[in-house]
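Enquirer: Pasting the sequence and the predicted coordinates here, then a few questions.
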Amino acid sequence: MMHRIERTFAGRPLIIETGRMAKQAAGSCLVQFGDTMVLAAVTVGDKESTLPFFPLTVEYKEKTYAAGKIPGGFIKREGRPRDEEILSCRIIDRSIRPLFPEGFKNEVQVFIYVISADQENKADVLALVATSFALNVSRIPFAGPIAGVRVGRVSGEDGTPHWVLNPTIQAIEVSDLDLVVAGSQDSIMMVEGGAIEIQEEEVVEALGIAQRGIKELIAMQEELLAKGRADKMAWKKAAMPQDIVDLVNAEAKDQILAAINQKDKHTRIQAVEAVKEATKTKLKAQLAVEQHGFIGAVLGDIEYESLRAQVLDTGLRVDGRKPNEVRAISIDMGLLPRAHGSVLFTRGQTQALVAATLGTANDVQRLDSIDEKNETTKSFMLHYNFPPFCTGEVRPMRGTSRREIGHGNLAERALQAVLPPFTEFPYTIRIVSDVLESNGSSSMASVCGGSLSCFDAGIPLKAAVAGVAMGLIKEGKKYAILTDILGTEDHLGDMDFKVAGTKDGITSIQMDIKIHGLDLKIMTEALHQAKEGRLHILGEMDKALPAARPEMSPYAPRIITVQINPEKIGELIGPKGKNIRGIQEESGAEITVDDTGLVTIAAVGQDSMERAKQMVQAITVEPEVGAIYEGPVKSTTAFGAFVEIMPGSEGLVHISELQHGRTEKTEDVVKKGDRVRVKVIERDERGRLRLSMKALIPKPGSDGAAVEPAYADAAGGAPSGAPSGAPAGESTGGSEERPRREGGDRGGRSGGRGGRGGRGR
């Protein structure tokens with residue numbers, strides 16, 4: 001039976017519906033907001049999985065028909081998920097995973113389809129609502145409902161900023177905050193977002209706004225769930241025999257407590273594993289075969305409880321640090337001689353080799369999304385790689401993982417807010433972070449390394465950016481917040497809270513938890529402790545390189561722009577691109593031109609750039625009245641001669657302007673093919689040029705004073721066809737080598753949340 005509820009939420013109609021679509025799934029839900037529609041369907045396996053973890057799979061797929069589009073490329077169907085779809089998957093997975101009961105091992109699959117996209121309302125937060133309802137209406141045990149909202153902040157007509165719940169895609173463009181929050185009735189489950197240097201107090205305020213919206217959405221779900229839901233499936237957590245628990249504790253508890261107190265990661269792991277193996281070997285001889293499986297589970301519980309108890313009881317962590325202490329940092333700048341910018345950033349046993357590369361407009365990434373009408377571009381990318389050797393492991397390599405995409409996006413978002421606008425720094429920027437060692441916080445090491453590699457490459461960031469990962473150990477009302485967590489503290493702790501930003505504010509934030517939610521009090525404390533850690537790290541980075549280098553690498557391309565008359569674009573390109581290809585082949589530069597006549601020239605080496613610039617100007621420069629040119633006679637007529645003064649530009653030398661005195665026949669003075677010097681004496685209303693040769697010849701009977709100098713040929717340093725006296729390399733149409741200026745927000749949007757800025761920055 002179909003049930004449906006409709007309410008106004010954030011000023012727009014919101015519909016939650018169940019019972020019409022996907023009725024054979026364990027639970028399904030359709031959510032509509034505006035004209036954006038999301039369908040969620042969940043299923044569950046009847047048998048308990050043998051895997052040592054809860055097998056939850058989330059798939060989020062944006063159907064291109066949702067926006068009235070056909071997929072691009074040769075294969076006209078949806079293929080592997082795009083990065084944006086994977087990021088939405090991770091948001092949903094991280095929000096719901098802690099709410100399944102401990103010990104539940106039946107496989108659960110969650111499928112979300114975006115089936116209508118109005119290119120105004122984002123679908124990811126709607127997917128959270130649809131998933132929550134589908135799980136709650138099904139027979140799957142789930143401690144919900146939960147909901148997700150997006151919070152933005154935009155300035156009104158009077159310039160006063162105000163909070164916006166579930167802002168439109170267009171409002172996100174001008175928002176200084178884009179925060180996705182998932183939560184239950186009284187606590188926060190997941191946070192993901194970016195900002196332009198927002199303060200910690202403002203983040204807390206945004207979370208409060210989100211909490212109110214979440215409560216409203218949960219109330220809608222509960223009202224609809226009251227109309228009918230499935231009985232929850234029967235399942236039973238495997239009981240742990242108390243006698244075995246006592247036996248393993250007596251044998252191994254003290255030994256594990258001693259083993260975990262090793263400062264080195266691998267020494268600690270080896271010591272703990274040695275105790276576990278010795279205990280298993282000894283106790284298996286004392287227990288029945290069917291009881292052997294309990295030994296490993298009890299040993300895992302002992303390790304979990306020992307680490308947590310030590311932090312809460314002694315205030316010291318397994319590596320000897322205090323809760324708010326950051327590990328030792330070392331920084332090696334400019335390590336790679338041919339990379340445009342590079343750094344080796346090491347914090348404790350976490351190390352990232354980060355390199356920045358500068359490219360041209362041709363290197364932008366092209367994106368197609370159901371949220372955009374047309375293809376967009378992105379000129380800033382950060383790619384994060386996490387090879388198995390960084391943790392000393394052997395595992396299969398199956399391409400870029402969802403985790404790598406998520407961590408790369410987190411670090412990319414952290415740097416997004418401080419990039420120079422594309423109009424001021426017209427480069428495509430790619431940062432690659434290769435994690436070489438990992439013991440917690442590798443994504444935040446990538447943020448620090450990304451900031452420093454940009455400085456090393458001469459990219460004028462508005463400010464340096466650093467990141468720190470915060471952890472939490474919570475037992476009842478007792479808790480400890482940990483700064484710069486280790487991998488062990490992440491694995492055995494209750495929270496992974498990553499905060500990145502400048503000295504003036506937060507630019508990126510991400511929170512995952514393993515418990516059933518956090519209150520705002522603990523989150524507020526964590527944010528302020530994270531700020532202390534971030535400022536400490538920024539101080540260490542400042543010692544290594546406090547600002548962008550004044551000069552870029554000699555191997556990086558130099559980019560200048562030349563403005564030409566848009567009517568000259570066709571002449572510059574030439575038939576089938578002949579002219580522009582010829583310039584590129586001869587000069588070695590890369591040239592692009594847009595519809596406004598802005599020509600961008602990129603080249604490695606000043607000579608290549610200057611040659612390309614001269615050749616562009618030779619074709620596109622506008623003839624000036626009063627200027628002197630030299631060129632060939634293209635044709636002669638009874639009334640004068642036509643002279644080409646620059647490629648594509650001809651003018652008439654009337655027969656009366658060939659020489660002083662009367663001329664009976666044009667061919668008496670010039671013939672086709674002759675090279676002559678002429679002066680532009682007039683441009684009529686139709687743009688036609690009148691030229692004169694006699695203006696450059698002394699009148700008969702004069703004192704023979706020197707006339708205006710002849711125009712130098714190409715060997716003399718100026719291109720043929722340019723006005724006399726114009727220095728080589730200058731455009732009469734206006735040439736500008738882009739200066740490096742600090743800061744500047746990105747205006748406009750191109751390429752998803754590629755950013756607040758031109759070309760997707």
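Expert: Yep, it's here.
Enquirer: Beta-bridge partners for residue 357, please?
Expert: Beta bridges link residue 357 to residue 430 when assigned by DSSP bridges.
Enquirer: Count the residues that sit near it.
Expert: Look at residue 357: counted by other C-beta atoms under 10 Å, it has 21 neighbours. All C-beta atoms are positioned from the backbone trio N, CA, C, and that covers glycine.
Enquirer: these two touch, right, it and residue 339?
Expert: Yes. Taking contacts as C-beta atoms under 8 Å, residue 357 lies within contact range of residue 339: 6.9 Å.
Enquirer: Let's verify the closest residue to residue 349 other than its chain neighbours: helix, strand, or coil?
Expert: Leaving aside its sequence neighbours, residue 349 sits nearest to residue 439 (C-beta to C-beta, 6 or more residues apart in numbering; 3.8 Å). At residue 439 the chain is in coil, as set by DSSP: H, G, I helix; E, B strand; the rest coil.
Enquirer: Residue 439 touches residue 346, doesn't it?
Expert: No. Using C-beta under 8 Å, residue 439 is not in contact with residue 346, being 10.8 Å away.
Enquirer: higher neighbour count, the two?
Expert: Shown here are residue 439 and residue 346; by other C-beta under 10 Å, residue 439 has more neighbours (24 against 20).
Enquirer: List the residues that contact the more buried one.
Expert: Counting by C-beta atoms under 8 Å, 6 or more residues apart in numbering, residue 439 touches 265, 348-350, 486-487.
Enquirer: Could you measure from the closest residue in space to residue 395 that isn't next to it in sequence over to residue 436?
Expert: Nearest non-adjacent residue to residue 395, counting by C-beta to C-beta, 6+ apart: residue 388, 4.6 Å away. For residue 388, the distance to residue 436 equals 12 Å [C-beta to C-beta, to the nearest Å].
Enquirer: the more surrounded of those two?
Expert: Ranked by neighbour count (other C-beta under 10 Å), residue 388 and residue 436 place residue 436 first, with 18 against 11.
Enquirer: That one: helix or strand, and which one exactly?
Expert: Using DSSP states H and E, residue 436 sits in strand 428-437.
Enquirer: For residue 311, which phi and psi angles does the backbone take?
Expert: Note on residue 311: its backbone torsions stand at phi -60, psi -50 [degrees, to the nearest 10].
Enquirer: can you pull the contacts of it?
Expert: 317, 323, 473, 480, 482.
Enquirer: Could you find the closest non-adjacent residue to the first one?
Expert: Beyond its immediate neighbours in the sequence, the residue positioned closest to residue 317 (C-beta to C-beta, 6+ apart) is residue 311, lying 5.9 Å away.
Enquirer: With the last one instead?
Expert: Using C-beta to C-beta, 6+ apart and skipping residues adjacent in sequence, the residue nearest residue 482 is residue 471, 3.9 Å away.
Enquirer: Check the one you found and give its pLDDT.
Expert: Per-residue pLDDT puts residue 471 at 96.
Enquirer: can you tell me how far the residue nearest the centre of the chain sits from residue 467?
Expert: In the chain, the centroid-proximal residue (C-alpha atoms, centre = their mean) is residue 412; its distance is 4.2 Å. Distance of residue 412 to residue 467, computed by C-beta to C-beta: 12 Å.
Enquirer: try residue 615
Expert: Distance from residue 615 to residue 467, by C-beta to C-beta: 46 Å.
Enquirer: Ok, residue 306 next?
Expert: The separation that residue 306 has from residue 467, given C-beta to C-beta, amounts to 29 Å.
Enquirer: now residue 188
Expert: From residue 188 to residue 467 the distance is 20 Å (C-beta to C-beta).
Enquirer: And residue 167, by the same measure?
Expert: Per C-beta to C-beta, residue 167 is found 25 Å from residue 467.
Enquirer: Between the two, tell me which one has more neighbours.
Expert: Neighbour count, other C-beta under 10 Å: between residue 167 and residue 467, residue 467 has more, with 30 against 22.
Enquirer: Identify the residues contacting the more buried one.
Expert: Applying C-beta under 8 Å, 6+ apart to residue 467 gives the contacts 411, 414, 441, 443-448, 498-501, 508, 534, 537.
Enquirer: Secondary structure element holding it?
Expert: Residue 467 belongs to strand 466-475 when elements are defined using DSSP H and E.
Enquirer: Which strands border the helix or strand where residue 39 lies, and is each parallel or antiparallel?
Expert: When elements are assigned from DSSP H and E, residue 39 belongs to strand 36-48. Applying DSSP bridges, strand 36-48 is found paired with strand 27-33 (antiparallel), strand 106-116 (antiparallel).
Enquirer: will you turn those into CSV that also has mean neighbour count, distance to residue 462 and mean pLDDT?
Expert: Formatted as CSV, the strands paired with strand 36-48 follow (neighbours: other C-beta atoms under 10 Å; distance: least, C-beta to C-beta, whole Å; pLDDT from 0 to 100):
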stretch, mean neighbour count, distance to residue 462, mean pLDDT
strand 27-33, 25, 35, 98
strand 106-116, 21, 35, 98
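Enquirer: In TSV: the ones you listed, plus distance to residue 100.
Expert: Formatted as TSV, these follow (distance: least, C-beta to C-beta, whole Å):
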stretch	distance to residue 100
strand 27-33	14
strand 106-116	7
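Enquirer: which one of those strands lies closest to residue 568?
Expert: For these, proximity to residue 568 was assessed by C-beta to C-beta; strand 106-116 is nearest, at 45.1 Å.
Enquirer: which intervals of the stretch 451-600 of the chain have sub-threshold pLDDT?
Expert: Within the stretch 451-600 of the chain, not a single segment meets pLDDT under 70.
Enquirer: The strand holding residue 467: partners in the sheet, and parallel or antiparallel?
Expert: Neighbouring strands of strand 466-475 in its sheet, by DSSP bridges, are strand 478-483 (antiparallel), strand 495-502 (antiparallel).
Enquirer: per-residue confidence at the residue nearest to the centre of the chain?
Expert: 98.
Enquirer: Tell me where the stretch 151-300 of the chain has helices.
Expert: 169-173, 200-225, 242-259, 265-284, 292-314 (DSSP state H, counting those that start in this stretch).
Enquirer: Nearest to residue 545, out of the ones you listed?
Expert: Across the helices of the stretch 151-300 of the chain, closest to residue 545 is helix 200-225 (C-beta to C-beta), at 26.4 Å.
Enquirer: ok now the closest one, how far from the chain's centre?
Expert: Distance, stretch centre to chain centre, for helix 200-225: 27 Å (C-alpha atoms, centre = their mean, to the nearest Å).
Enquirer: Quick check: buried residues in it?
Expert: Neighbour counts over helix 200-225 (16 or more other C-beta atoms under 10 Å) mark 200, 202-203, 205-207, 209-211, 213-214, 216-218, 220-221, 224-225 as buried.
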